[in-house]
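Q: the sequence and its predicted three-dimensional model are supplied below.
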Amino acid sequence: MSDETLLRVREVTTTFDTPQGRLTAVDAVSFDLGAHESLGVVGESGSGKTVLSRTIMGLQPRRGVSVTGSVLLNGIEVVGATEEAKRELWGRQVAMVFQDPMTSLNPVVKVGKQIDEVLRVRLGMDRAAARARAIELLEMVGIPAAATRYDAYPHSLSGGMRQRVVIAIALAGSPQLLLADEPTTGLDVTIQAQILNLLDEVQGRLGMSMILVTHDLGVVATRTSRLVVMYAGRVVETGTTRDVFARHRMPYTRALLESSPKVSNPSHTRLAAIPGRPPNLLDLPAGCAFAPRCAYATDRCRNERPVLEPAGEPGHLFACFNPLSEPVGSPT
Amino acid sequence: MARYLARRLITLVGIVIIISIGAFYLIHLLPGDPATVILGTGDSPQNRARLYAQLGLNRPIIEQYFVWMKNVLHGNLGTSFISQVPVWTTIRAALPIDLEMIVLSQILSFAVAIPLAMSSAKRPDSWFDRFLGAFSFTMLSIPAFILVVVLVLVVAIKLAIPHTGVSSYVPLTQDWVTNLESMALPSVVLAIGSVTVYYRVLRSDLIATLQQEYITLARSKGISQRRILWRHALRPSSVALLGTAGVNIGGLLAGGFIVQYLLDIPGLGYTLVNSIGLSDYLVVQGIVLVVSVGVIVINFVFDFFITLVDPRIARE
């Protein structure tokens, strides 16, 4: 582990006990994240992205969930850590921007107070200093009339404004790692770009590392340096963003790319959808989980699980028996 | 917010008018000539004239209502023909006792119910939660008059703690320490009924609140669980609790009479039961009116508390 590695994730597996049986939401995921680096985690709904980000933070519910493997954040093990130990990390070392700003802010607490809380409880600021800093943070995330908005309740703010507040809360403790879990899902398209650009900007300005979780490859293309592509809880391809876009080997990655709209396409181009549905995590196929939906699947794919293997470029790995020949797709 | 409260206030005035009509009509529901029934043994020409002036009995019924209402608004509920004491004087002596009982029992109820509900909601279905659930259900099913008897037996007789038994009521103005001692038992009885209800209502709302995404966000700030419960979960979970408390307290105002009657505490309920026994209908009418208006006002106050707790409710 080099000095520059902030986060080291090794063989992390998260399972849920459900009435229907044990469900593996994250299956033996490993990756590293360097200081100041930004990583995109992409996949369809149900691919385990959100559970992975919560597992990295150690924020999963207490009951019915078990995590194995190792998550080292700044050399501190998160897996199996006590709630008290994790509390020390939360807010100060790692913070999260949640998916839906309509539900992630407390409806009965003024937004200023929700930012304030981190400053006062975690940083020990006094009331006046915390208020001043909270207003500063509101300004930093682009909220106009920040001093007035301090006393606003979430319901009087728009979705985009609320997500800016959520970001301000996450930034309040000056964390080294920011986990953004589908931060634009609930927002208008025009607002989405603003929020993503804001995240991008503060990440660079504050020198944080960031994990950007999304189902939209278009979102991560220009904003992250590396990508992890997930399917059914497993990493199926990883590499630099450039390599994954230009030289992806896994058919699922290509399917994801093709289902993302491109400005270069002529108008009214029909979007390619991935046929079939994401697999039932309670009843995964024996072999490659993507095989039932894959045009290249063979009997081997259906019976044997592919493991990650090097693709040639440094750090580029994929899990496929019938990889696409390179280069495919068009570089962005 | 102001507009919301103004709207509620208009409704409130409407309900009070309807109640006043009901209380007014109470007298006319009595069998026979109201004057004869009300006057009872005090039936003399002078008393009859006084009663006619008070209730306007010789006029058309609509006019009677306005005569009576005008008197009520001037604080004149008439004078009892049984005790020769103005009705308002009787009520003014009894009402503070009810208020004290309610305030004491409610402070006790909230102080017990909130921490218990939090402990349960933190770990639903834990042995602690299951035990409390079963226990509260048991307590809920025990009527107040049984509780009073058991508590008197144990506290006043077995443990022989002074000023806790029957007929030990001491007015607050006389000696507040002894007064508190004498109010302890009835307050506890009323509190036990309230605690079980508040505990159950708050517990289920807290469990729902704790699953909200904003609680996860609060956790992700690295703040303590105690802080999450008190600062983030309690307020959004309190709407049903406050609504229930409003209804419950109104019920105590009217329904505390069993406890008062059994322990000889001269509150409104006690006075009401006695007045019915004495056929002192003007006092009955006065108490019905005061209690009804009290119930409405308490509910209005709790509606106001709800808007303070959840600003979304008064949104226009």
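A: Ah, there it is.
Q: can we go C-alpha only for contacts and neighbour counts from here?
A: Will do.
Q: helix or strand for the nearest residue to residue A:105 once chain neighbours are set aside, which one?
A: In this structure, residue A:105 finds its nearest non-sequential neighbour in residue B:214, 5.0 Å apart by CA to CA, 6 or more residues apart in numbering or on different chains. Using DSSP states H and E, residue B:214 falls within helix B:213-220.
Q: re earlier: enumerate every residue touching the residue nearest to residue A:105.
A: Counting by CA atoms under 8 Å, 6 or more residues apart in numbering or on different chains, residue B:214 makes contact with A:103, A:104, A:105, A:106.
Q: now for the second one, how many residues are close by?
A: So that's residue A:104. 21 (other CA atoms under 10 Å in any protein chain shown).
Q: please apply the same query to residue B:82.
A: 18.
Q: now the helices: where do they sit in the stretch 1-150 of chain B?
A: Counting by DSSP state H, counting those that start in this stretch, the stretch 1-150 of chain B has helices at residues B:2-26, B:34-39, B:45-55, B:61-73, B:87-122, B:127-141, B:144-151.
Q: after the last one, next one along is what?
A: The one in question is helix B:144-151. helix B:176-210.
Q: just the buried positions in that next one, please.
A: Of all the residues in helix B:176-210, those buried under the rule 16 or more other CA atoms under 10 Å in any protein chain shown are B:178-207, B:209-210.
Q: cool, stretch A:289-300 as well?
A: Buried, per 16+ other CA under 10 Å, within stretch A:289-300: A:289, A:290, A:291, A:292, A:293, A:294, A:297.
Q: tell me how far residue B:145 lies from residue B:277.
A: Distance from residue B:145 to residue B:277, counting by CA to CA, to the nearest Å: 20 Å.
Q: neighbour count: those two, which is higher?
A: residue B:145 (14 against 10).
Q: who wins for proximity to residue A:18 among the helices of the stretch 1-150 of chain B?
A: Among the helices of the stretch 1-150 of chain B, helix B:87-122 comes nearest to residue A:18, with 20.1 Å by CA to CA.
Q: name the helices or strands packed onto that closest one?
A: helix B:127-141, helix B:176-210, helix B:238-255, helix B:268-277, helix B:281-309 (3 or more CA pairs under 8 Å, 6 or more residues apart in numbering or on different chains; DSSP states H and E).
Q: get me the contact residues on the stretch 151-300 of chain B for chain A.
A: With CA under 8 Å from any CA of the partner chain as the criterion, the stretch 151-300 of chain B meets chain A at residues B:212-217, B:219-224, B:232, B:235-236.
Q: compare the residues you listed and tell me which is most surrounded.
A: residue B:221 (29 neighbours).
Q: I'd say that one and residue A:120 touch.
A: No - between residue B:221 and residue A:120 there is no contact under CA atoms under 8 Å: 11.2 Å.
Q: and for residue A:41, the neighbour number?
A: Neighbours around residue A:41, by other CA under 10 Å: 28.
Q: so what strands line up beside the strand or helix carrying it?
A: For residue A:41, the element it lies in under DSSP H and E is strand A:38-42. When pairs are called by DSSP bridges, strand A:38-42 turns out to pair with strand A:209-214 (parallel), strand A:226-231 (parallel).
Q: what mean pLDDT does whatever helix or strand comes next after the first one get?
A: Helices and strands here follow DSSP H and E; after strand A:209-214, the next one along the chain is helix A:217-220. Per-residue pLDDT values across helix A:217-220 average out to 87.
Q: how far does helix A:217-220 sit from the chain's center?
A: For helix A:217-220, the gap between its own C-alpha mean and the chain's C-alpha mean amounts to 12 Å (CA atoms, centre = their mean, to the nearest Å).
Q: cool, and stretch B:303-316?
A: Distance, centroid of stretch B:303-316 to centroid of chain: 22 Å (CA atoms, centre = their mean).
Q: ok, now stretch B:14-31?
A: That offset, for stretch B:14-31, works out to 20 Å (CA atoms, centre = their mean).
Q: same check on stretch B:24-44?
A: The answer for stretch B:24-44 is 29 Å, by CA atoms, centre = their mean.
Q: list the contacts for residue 24?
A: Since you didn't name a chain, this refers to chain A. Taking CA under 8 Å, 6+ apart, one finds A:13, A:14, A:15, A:16, A:233, A:281, A:282 in contact with residue A:24.
Q: switch to chain B, that's the one I care about
A: B:65, B:68, B:285.
Q: just the buried ones from the residues you listed?
A: B:65, B:68, B:285.
Q: out of the residues you listed, which comes closest to residue A:211?
A: residue B:285 (71.6 Å).
Q: tell me which residues touch the nearest residue to residue A:220 once chain neighbours are set aside, please.
A: Excluding the flanking residues, the one nearest residue A:220 by CA to CA, 6+ apart is residue A:40, at 5.8 Å. Residues in contact with residue A:40 (CA under 8 Å, 6+ apart) are A:211, A:212, A:213, A:214, A:220, A:224, A:225, A:226, A:227, A:228.
Q: and the pLDDT for the residue nearest the centre of chain B?
A: In chain B, the residue lying closest to the centroid (CA atoms, centre = their mean) is residue B:253, at 2.7 Å. pLDDT, residue B:253: 84.
Q: quick revisit: make a markdown table out of the strands paired with strand A:38-42 and add distance to residue B:263.
A: Listed next are the strands paired with strand A:38-42 as a markdown table, based on distance: least, CA to CA, whole Å:
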| stretch | distance to residue B:263 |
| --- | --- |
| strand A:209-214 | 67 |
| strand A:226-231 | 71 |
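Q: now mean neighbour count too, for those, in CSV please.
A: Shown next, in CSV, are these (neighbours: other CA atoms under 10 Å in any protein chain shown):
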stretch, mean neighbour count
strand A:209-214, 25
strand A:226-231, 26
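Q: how about CSV for these, with mean pLDDT added?
A: Formatted as CSV, the strands paired with strand A:38-42 follow (pLDDT from 0 to 100):
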stretch, mean pLDDT
strand A:209-214, 95
strand A:226-231, 96
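Q: between those strands, which gets nearest to residue B:121?
A: strand A:209-214 (31.6 Å).
Q: can I get the CA coordinates of the closest one in CSV?
A: Only the C-alpha atoms of strand A:209-214 are listed here, as CSV (Å, rounded to 0.1, in the frame of the first residue of the first chain):
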residue,chain,number,x,y,z
SER,A,209,-10.8,11.8,-3.3
MET,A,210,-14.2,11.0,-4.7
ILE,A,211,-16.1,7.9,-5.6
LEU,A,212,-18.9,8.8,-8.0
VAL,A,213,-21.6,6.1,-8.2
THR,A,214,-23.8,6.2,-11.2
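Q: returning to what we had before: could you single out the nearest of the contacts of residue B:214 to residue B:52?
A: residue A:106 (61.1 Å).
Q: next, that closest one: secondary structure please.
A: Here residue A:106 is coil, with the state taken from DSSP: H, G, I helix; E, B strand; the rest coil.
Q: isn't it up against residue B:232?
A: Yes - contact criterion CA under 8 Å: residue A:106 and residue B:232 qualify, at 7.0 Å.
Q: so what sits against both of the two?
A: residue B:215.
Q: which residues in the stretch 151-300 of chain A form helices?
A: A:159-172, A:189-206, A:217-220, A:241-247, A:251-258, A:299-303.
Q: next up, the contacts around the nearest residue to residue A:169 once chain neighbours are set aside.
A: Leaving aside its sequence neighbours, residue A:169 sits nearest to residue A:115 (CA to CA, 6+ apart; 4.8 Å). Residues in contact with residue A:115 (CA under 8 Å, 6+ apart) are A:134, A:165, A:168, A:169, A:172.
Q: neighbours around the residue nearest to the third one when sequence neighbours are not counted, how many?
A: I take that to be residue A:168. Spatial nearest neighbour of residue A:168, chain neighbours left out: residue A:137 (5.6 Å); criterion: CA to CA, 6+ apart. By other CA under 10 Å, 23 other residues sit near residue A:137.
Q: quick check: residue A:137 is in a helix.
A: Yes - checked against three-state DSSP, residue A:137 lies within a helix.
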